[in-house]
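Chemist: sequence unknown, structure follows:
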């Protein structure tokens, strides 16, 4: 007869049964692909809403720094939306901003469709730079900041800030026969505002235009960092 003590020893040395988890069934590629696309779009949307966004330049007021002329391929630019959360805007920055009421007025022409579905798709497309931005968004260059006094011009046709002439190599003269700027008297920029002008100096309605004036810093969307399209114009914006 088997020894009961031996039976006890055998039971203690017997390997425990291991439960194996069934391998997870992999989804077909045609199922995973739409999920990956949706996740990528959501991440891109969040990134462009809070960190940086691609804008299409619809007008020629910033020629030739930014292409937006009639009949040409409008530049797509990457706008840094968090810079001004940590630093103050500076003269020379090229910025995108929400047009104050005085800039926009009641006569804004819109390219948005009246169809609700198409209108929504256009809004989504503008977030990804695939459609023109909201008609109330503008792009200009900061010339002076709060507390500074700006005027035009000295005897060499240069804008003065706090009495000092600016060196502006980026100015574009659309009409080579008219390489001078319209003068305006000294204007002191209020604190919390910036004075903006277009690089295409004689084809830009900006802070100089009647009833428009300085732009509140709170209306700044961000600083233009890069030209991302077309490929031939890749580069930073200074």
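Modeler: Cool, got the structure. Just so you know, these numbers come straight off a predicted model, no measurement behind them.

Chemist: Surely residue 83 is in contact with residue 222?
Modeler: Yes - contact criterion Cβ atoms under 8 Å: residue 83 and residue 222 qualify, at 6.5 Å. In short, each C-beta sits where N, CA and C put it, glycine included.

Chemist: more neighbours, the two?
Modeler: Taking other Cβ atoms under 10 Å, residue 83 and residue 222 do not tie; residue 222 has more neighbours (21 against 17).

Chemist: Looks to me like that one is in a helix.
Modeler: No - read with DSSP: H, G, I helix; E, B strand; the rest coil, residue 222 is strand and lies in no helix.

Chemist: which residues pair with it across the strands?
Modeler: Taking DSSP bridges as the rule, residue 222 bridges to residue 96.

Chemist: State whether residue 202 is indeed within a strand.
Modeler: No - read with three-state DSSP, residue 202 is helix and lies in no strand.

Chemist: By residue count, what's the longest helix in the chain?
Modeler: helix 29-50 (DSSP state H).

Chemist: Give the other helices and strands that that helix contacts.
Modeler: The contact analysis (3 or more Cβ pairs under 8 Å, 6 or more residues apart in numbering; DSSP states H and E) places helix 29-50 against helix 116-127.

Chemist: After the helix it packs on, heading C-terminal, what element do we hit next?
Modeler: strand 137-145 (DSSP states H and E).

Chemist: Give me the contact list for that next one.
Modeler: For strand 137-145, contacts defined as Cβ atoms under 8 Å, 6 or more residues apart in numbering pick out 55, 57, 61-62, 65-66, 77, 88-99, 103, 150, 159, 161, 166, 170, 189, 193-199, 204, 206-207, 215, 221, 224.

Chemist: Generate a PyMOL selection restricted to the buried subset of those.
Modeler: Here is the PyMOL command that picks out the buried ones among the contacts of strand 137-145, judged by 16 or more other Cβ atoms under 10 Å:
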select buried, resi 55+57+61+62+65+66+77+89+93+94+95+96+97+98+99+103+150+159+161+166+170+189+193+194+195+196+197+198+199+204+206+207+215+221+224
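
Chemist: Sitting in strands, which of the contacts of strand 137-145 do you find?
Modeler: Residues of those located in strands (DSSP state E): 55, 77, 94-98, 150, 159, 161, 193-197, 215, 221, 224.

Chemist: contacting residues around residue 155?
Modeler: By Cβ under 8 Å, 6+ apart, no residues touch residue 155.

Chemist: what's the strand or helix carrying residue 185 packed up against?
Modeler: Using DSSP H and E, residue 185 sits in strand 184-188. The helices and strands touching strand 184-188, judged by 3+ Cβ pairs under 8 Å, 6+ apart, are strand 149-152.
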